[in-house]
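Participant: Predicted coordinates and the sequence they were generated for:
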Amino acid sequence: MFERISIDPQICHGKPCVKGTRIMIFIILGLLEEGFTFKQIIDEYPELKTADIAAVIHYAKAIIENEQIELVASA
């Protein structure tokens, strides 16, 4: 899946993008959060394929799985 994701300091300030585009991962995640379907996202960004969107989700999941966050109890 990660062959579809690119991180290049020369492209979009090093933000993760779909490889071969300047479509940043957070844009696709935002559209999914808003309720867009894969088809609607592809209609908006015709250069994307279903596998690209799936790779974005997989990438985000992998980042979160490997993230360590300390939660502080609120008073």
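Facilitator: Yep, it's here.

Participant: contacting residues around the residue nearest to residue 24 when sequence neighbours are not counted?
Facilitator: Taking CB to CB, 6 or more residues apart in numbering, and ignoring the residues beside it in sequence, residue 24 has residue 15 as its nearest neighbour in space, at 4.8 Å. Any C-beta I mention is one placed from the backbone N, CA and C, and that applies to glycine too. Under the criterion of CB atoms under 8 Å, 6 or more residues apart in numbering, the neighbours of residue 15 are 7, 24-26.

Participant: Quick check: strands, which of those are part of them?
Facilitator: For the contacts of residue 15, not one is inside strands, with DSSP state E as the criterion.

Participant: In the protein, spot the helix with the most residues.
Facilitator: Among the elements of type helix in the chain, defined by DSSP state H, the one spanning the most residues is helix 50-65.

Participant: packing partners for that one?
Facilitator: When contacts are defined as 3 or more CB pairs under 8 Å, 6 or more residues apart in numbering; DSSP states H and E, helix 50-65 sits against strand 5-6, strand 17-18, helix 25-33, helix 38-44.
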